[in-house]
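Peer 1: quick one, structure for this:
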Amino acid sequence: MDDVSYDLLLAKDGDRGAFSRVVRSTEGDVRRFCHWFTGPGIDVDDVAQETFLRAFKGLDSFTGASAGRSWLLSISRRACLDEITRIRSAGELASVQAGTIVAPGDFVEELALSELMREVPEDFRQAFVLVKVLGLTYAEASDVLGHPIGTIQSRVARARVQLAALIENRFDSMSETG
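Peer 2: Below you'll find the model as predicted:
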């Protein structure tokens, strides 16, 4: 059993220090997932905080059958979807200007990839980010997204192909203008 799962089970039994360890060890992954999943116009800190609040309230539902990190990321996915729905219904996304993406860690490469990934369909992007950016196994990504492993594998492969084409097109257009 991995450390996150073990700490979640301890937290379920009332060990508050264990839940703090879960937050510390997974906060970066949760924030990155929220960033890649939602894009500009969403406060990643708020969604991450909502994720951990929901996880704490739902500790009784964690059985250890799936990996703790997968369980948290599936809660995060639902929190992201709820926030996107809330903002869209409030009409707040219209006020966000394009190009306001801020990549975690301010890495130029991650910013460029983030911008390109916005052009990949959401279903493919979610699977790709879970497996290739966050390093989940296909089985763990399957748990998070609720799709069969074969579907996850297919979506990751399709995202990779689309991303490669986007990168090639970007380089072609740069060489034509430069």
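Peer 1: and the residue nearest the centre of the chain, what pLDDT?
Peer 2: Centroid-nearest residue in the chain, with CA atoms, centre = their mean: residue 33, separated by 2.0 Å. Residue 33 is assigned a pLDDT of 87 by the prediction.
Peer 1: and the next helix or strand past the helix-or-strand element of the chain with minimal mean pLDDT?
Peer 2: Within the chain, no helix or strand scores below helix 108-117, which has a mean of 63 by mean pLDDT, DSSP states H and E. Remark: after helix 108-117, the chain's next helix or strand is helix 122-128, criterion DSSP states H and E.
Peer 1: buried sites along that following helix?
Peer 2: Neighbour-count burial for helix 122-128, counted by 16 or more other CB atoms under 10 Å, picks out 124-128. The way it works is simple: take the backbone N, C-alpha and C, and place the C-beta from them, glycine included.
Peer 1: can you check stretch 31-46 too?
Peer 2: 31-39, 41-42, 44.
Peer 1: same list (those) but as a markdown table, adding secondary structure.
Peer 2: A markdown table is the format used below for the buried residues of stretch 31-46 (DSSP: H, G, I helix; E, B strand; the rest coil):
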| residue | secondary structure |
| --- | --- |
| 31 | helix |
| 32 | helix |
| 33 | helix |
| 34 | helix |
| 35 | helix |
| 36 | helix |
| 37 | helix |
| 38 | helix |
| 39 | coil |
| 41 | coil |
| 42 | coil |
| 44 | helix |
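Peer 1: put together JSON lines for the residues you listed, with distance to residue 12 on each row.
Peer 2: Shown next, in JSON lines, are the buried residues of stretch 31-46 (distance: CB to CB, whole Å):
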{"residue": "31", "distance to residue 12": "23"}
{"residue": "32", "distance to residue 12": "25"}
{"residue": "33", "distance to residue 12": "22"}
{"residue": "34", "distance to residue 12": "24"}
{"residue": "35", "distance to residue 12": "28"}
{"residue": "36", "distance to residue 12": "29"}
{"residue": "37", "distance to residue 12": "26"}
{"residue": "38", "distance to residue 12": "28"}
{"residue": "39", "distance to residue 12": "33"}
{"residue": "41", "distance to residue 12": "35"}
{"residue": "42", "distance to residue 12": "29"}
{"residue": "44", "distance to residue 12": "27"}
